[in-house]
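Enquirer: Kindly return the folded structure for what I paste below:
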Amino acid sequence: MSIDRVTVYAASSQALHPDYISAASRLGEILAKAGHSIIFGGGGHGLMGAMAEGALAAGGEVHGVIPDFLLNIEQGHPGLTSLEVVSDMRTRKERMLEGSDAVIALPGGCGTFEELFEAMTLKRLGQFLGPIILINTNGYYDELLSFLEHSVKEHFMSPTHLAMWQSVDTPEQIPQALGDAPAWSANALHESASVKAR
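Expert: Numbering: from 1, shown residues only. Below you'll find the predicted structure:
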């Protein structure tokens, strides 16, 4: 699968350990140097801002999508290739994923979790087929990944669903992770139902 456009989910908080900021900046640089265009939440603060700055400094193409009511809070980044202002969060999420070939989640809070789980759900339903990769800086996602495995153990998800996402410890592992991500079928929903019916 050819990957051109990459969606990045990330925190807007500025009260973060420097390790998180550094990883976000390096991710932007790595994606830009690999020739990927980036679409993200458009904010100029926190990991969003650091990722965008890293990509722009490396000559990358970075597109933002931000709701109008967050312009003064997240401070829409002024130096982006494009910044689309939309009316609400639902539209923002839809526009960020539209036409995207892959999703990368940096550490974040409830907004990042919501975006990440929506991408996972759409992949489960065969509506999004690209790689979904979590950057597990400082083990941030360890407990979430453990909980997802617990959900499979308790039969709320199938073991096959564990292939819907991958995690890496550092941004430097992203190019290989994108290339190695297992293919996901648009018929996965029906294939899963067929297996259950046997």
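
Enquirer: Please report how far the nearest residue to Pro159 once chain neighbours are set aside lies from Asp169.
Expert: For Pro159, ignoring the flanking residues on the chain, the nearest one in space by CB to CB, 6 or more residues apart in numbering is Val152 at 5.5 Å. C-betas here are computed from N, CA, C, even on glycine. Computed as CB to CB, to the nearest Å, the Val152 to Asp169 distance reads 22 Å.

Enquirer: would you list every one of the strands in the protein?
Expert: 5-9, 37-40, 62-67, 82-86, 102-105, 132-135, 166-168 (DSSP state E).

Enquirer: Which strands border the last one, and is each parallel or antiparallel?
Expert: Pointing back at strand 166-168 there. Paired neighbours of strand 166-168 in the sheet (DSSP bridges): strand 132-135 (parallel).

Enquirer: what does the strand it pairs with contact?
Expert: 23, 27, 102-107, 116, 119-120, 123, 141, 144-145, 164-171, 174, 177-178, 181 (CB atoms under 8 Å, 6 or more residues apart in numbering).

Enquirer: Minimum distance to Phe156: which of the strands of the chain has it?
Expert: Judged by CB to CB, the one of these that comes nearest to Phe156 is strand 132-135, at 18.3 Å.

Enquirer: ok, Thr170 - contacts?
Expert: Counted by CB under 8 Å, 6+ apart, Thr170 has contacts Ala23, Arg26, Ile135, Thr137.

Enquirer: okay, the strands of the chain in JSON lines with mean neighbour count, mean pLDDT and distance to Ala55 next?
Expert: Output for these, formatted as JSON lines (neighbours: other CB atoms under 10 Å; pLDDT from 0 to 100; distance: least, CB to CB, whole Å):
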{"stretch": "strand 5-9", "mean neighbour count": "25", "mean pLDDT": "98", "distance to Ala55": "9"}
{"stretch": "strand 37-40", "mean neighbour count": "24", "mean pLDDT": "98", "distance to Ala55": "6"}
{"stretch": "strand 62-67", "mean neighbour count": "23", "mean pLDDT": "95", "distance to Ala55": "5"}
{"stretch": "strand 82-86", "mean neighbour count": "15", "mean pLDDT": "94", "distance to Ala55": "13"}
{"stretch": "strand 102-105", "mean neighbour count": "25", "mean pLDDT": "98", "distance to Ala55": "12"}
{"stretch": "strand 132-135", "mean neighbour count": "22", "mean pLDDT": "98", "distance to Ala55": "14"}
{"stretch": "strand 166-168", "mean neighbour count": "17", "mean pLDDT": "98", "distance to Ala55": "18"}
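
Enquirer: If anything else comes up later, I'll come back, but that's it for now.
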